[in-house]
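In: Predicted structure and sequence below. I'll ask about it afterward.
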Amino acid sequence: MTDEHKKNEGKQATGESGEPGESSQKNVFEEFGEQVGKFATKTMDSIRQSIDKAMEARNTVLTIRVNEEANKKMGMLVDTGIFKSRSESAAFLIEEGIKHQGTLFKKISDKLEQIGKLKDELKTIVSDELDDTGKKKKK
């Protein structure tokens, strides 16, 4: 192999500048940039879907008080143009909070179901006792 041939192979392997690994570094950074872009797009699509879902079924009006920090954060969401109002941003944040606490709400739901069954049992016990008491008085 001639010196010129070795020199040309070295340029191809290291990139035009002759710096070792420069070409492969550009590819890694370009690939990373593309992946970040794809991730950002997917994230925005996911946020948009969550927003649309939170906004579609808003039929209950609530009056709430929030602290100044929460008010600022909701205002920030409006300022970005994601939401038209603080009311929309609050609805979104509430929906996301409920989804995030799904396990807690499942436990609450299970306990409320148990409480309902216990109340029914108690009503039956009281009703039976009252019926028995009424029968004893008639004798």
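Out: On my side now, so go ahead. Numbers count the residues shown, from 1 in each chain.
In: ok, the closest residue to Arg86 other than its chain neighbours - how many residues close by?
Out: The shortest distance from Arg86 to any non-neighbouring residue, by C-beta to C-beta, 6 or more residues apart in numbering, is to Met74 (4.4 Å). All C-beta spots, glycine's among them, are computed from the backbone N, C-alpha and C. Met74: 20 surrounding residues under other C-beta atoms under 10 Å.
In: do the same with Thr41
Out: By other C-beta under 10 Å, 10 other residues sit near Thr41.
In: where does it land on pLDDT?
Out: Looking at Thr41, its pLDDT stands at 82.
In: Which strand or helix spans it?
Out: For Thr41, the enclosing helix or strand under DSSP states H and E is helix 22-56.
In: cool, Glu121 as well?
Out: Using DSSP H and E, Glu121 maps to helix 102-138.
In: what packs against that helix?
Out: For helix 102-138, not one helix or strand is in contact under the criterion 3 or more C-beta pairs under 8 Å, 6 or more residues apart in numbering; DSSP states H and E.
In: for it, the distance to its chain's centre please.
Out: How far helix 102-138 lies from its chain's middle: 37 Å, per C-alpha atoms, centre = their mean, to the nearest Å.
In: pLDDT on it, on average?
Out: Helix 102-138 shows a mean pLDDT of 91.
In: Walk me through the domains of the chain.
Out: Taking automatic domain parsing as the reference, the chain has its domains at 1-56, 61-100, 102-139.
In: Identify each buried residue in the helix or strand containing Lys72, please.
Out: Using DSSP H and E, Lys72 falls within helix 68-79. Buried residues in helix 68-79, defined by neighbour count with 16 or more other C-beta atoms under 10 Å: 74, 77.
In: quick revisit: tell me which strands and helices the helix holding Thr41 is in contact with?
Out: helix 86-100.
In: ok, residues contacting the helix it packs on?
Out: Here helix 86-100 makes contact (C-beta atoms under 8 Å, 6 or more residues apart in numbering) with 50-51, 53-55, 58, 64, 66, 71, 73-75, 77-78, 82-83, 105.
In: repeat that with 10 Å
Out: Applying C-beta atoms under 10 Å, 6 or more residues apart in numbering, the contact partners of helix 86-100 are 47, 50-55, 57-58, 60-62, 64, 66, 70-71, 73-80, 82-83, 85, 104-105.
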